[in-house]
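**Q** Got a predicted structure here, sequence first:
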Amino acid sequence: MRVLAPAELAEWSAVPTAVLSDERGHRGVLFGLKPLFAGRSFAAQALTIAVEDSDNGAARKALAGAWPLACVIIDARISPDAAVWGGNLAALARDRGVTAIVVDGNVRDIVDLRASGLAVYCRGVTPRGPMWGGRIGGTIQCAGVEVTQGDLLVGDEDGVIAIPLDALDEELLKRCRARMAREAGGQAA
């Protein structure tokens, strides 16, 4: 996996998800996932996790190998009634330098999540807790989008978009910047 430098992540973080969506032909949008807290935009590489029924053991284990500025992204579709992420995992993630959490499912412990400073995107909130198990790494499905470990995830108040690592290039960044300039100048994109 190619690791993006912090400066590269900062460049992508400056691009709104709406611009990325438009410039990528609306591919990669993680539909239905909402930011839990306003003002916590991010750009980070994916640390992928697929959980088993109502299970967060894989998330706990994955955090041991998390890298600074990673985004933990969890396919929790099999657990629609339980939270697979909460305050304890958020504290571990923060300590590992993780920047964001994206869950195709539910979270809990909102007070702790807010205090963690992490960007959190999810389908919903429930007090019902998880069990244990799952798979770390590889490719998962999240909100209808295939995400492979290392892919770029960019999130803002509009939502989250996933971009395959091999689709990141200077040309895409140039097109995004040009669109942003046109829109800032009041021109139609």
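**A** Looks like it came in fine.

**Q** Determine the number of other residues adjacent to residue 10.
**A** 12 (other CB atoms under 10 Å). In this view, the C-beta of every residue, glycine as well, is placed from N, C-alpha and C.

**Q** Tell me, how many residues neighbour residue 175?
**A** By other CB under 10 Å, 17 other residues sit near residue 175.

**Q** Hmm, it is touching residue 23, no?
**A** Yes: counting by CB atoms under 8 Å, residue 175 touches residue 23, with 4.9 Å between them.

**Q** How far off centre is stretch 29-43?
**A** When distances are taken as CA atoms, centre = their mean, to the nearest Å, stretch 29-43 is centred 8 Å away from the chain's centroid.

**Q** Repeat that for stretch 88-100.
**A** With CA atoms, centre = their mean, you get 13 Å for stretch 88-100.

**Q** Which residues does that stretch contact?
**A** With contacts defined as CB atoms under 8 Å, 6 or more residues apart in numbering, stretch 88-100 is touched by 40, 42, 44, 47, 56, 59-60, 63, 66-72, 101, 109, 112-113, 116-121, 153, 155.

**Q** What residues of that stretch count as buried?
**A** Neighbour-count burial for stretch 88-100 flags 89-93, 96, 98-100 (criterion: 16 or more other CB atoms under 10 Å).

**Q** For this protein, which segments are assigned as helices?
**A** Secondary structure of the chain (DSSP state H): helices at 6-13, 17-23, 57-63, 87-96, 110-116, 170-184.

**Q** Show me what the helix or strand bottoming out on mean pLDDT in the chain pairs with in its sheet, parallel or antiparallel.
**A** Within the chain, no helix or strand scores below strand 135-136, which has a mean of 86 by mean pLDDT, DSSP states H and E. Strand 135-136 sits in its sheet next to strand 42-50 (antiparallel), going by DSSP bridges.

**Q** how many other residues sit next to residue 49?
**A** 29.

**Q** Per-residue pLDDT of it, please?
**A** Model confidence at residue 49, given as pLDDT, is 94.

**Q** My guess is it contacts residue 70. True?
**A** No: applying CB under 8 Å, one finds residue 49 not in contact with residue 70, separated by 11.2 Å.

**Q** Can you tell me which of the buried residues of stretch 88-100 is nearest residue 17?
**A** The closest of the buried residues of stretch 88-100 to residue 17 turns out to be residue 100 (CB to CB; 12.6 Å).

**Q** Switch the helices of the chain over to CSV; also include distance to residue 79 and mean pLDDT.
**A** Below are the helices of the chain laid out as CSV (distance: least, CB to CB, whole Å; pLDDT from 0 to 100):
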stretch, distance to residue 79, mean pLDDT
helix 6-13, 29, 96
helix 17-23, 26, 97
helix 57-63, 11, 88
helix 87-96, 14, 97
helix 110-116, 18, 97
helix 170-184, 34, 95
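
**Q** Present those as a markdown table; the columns should include distance to residue 136.
**A** Listed next are the helices of the chain as a markdown table, based on distance: least, CB to CB, whole Å:
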| stretch | distance to residue 136 |
| --- | --- |
| helix 6-13 | 22 |
| helix 17-23 | 26 |
| helix 57-63 | 4 |
| helix 87-96 | 14 |
| helix 110-116 | 21 |
| helix 170-184 | 28 |
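
**Q** Thank you, goodbye.
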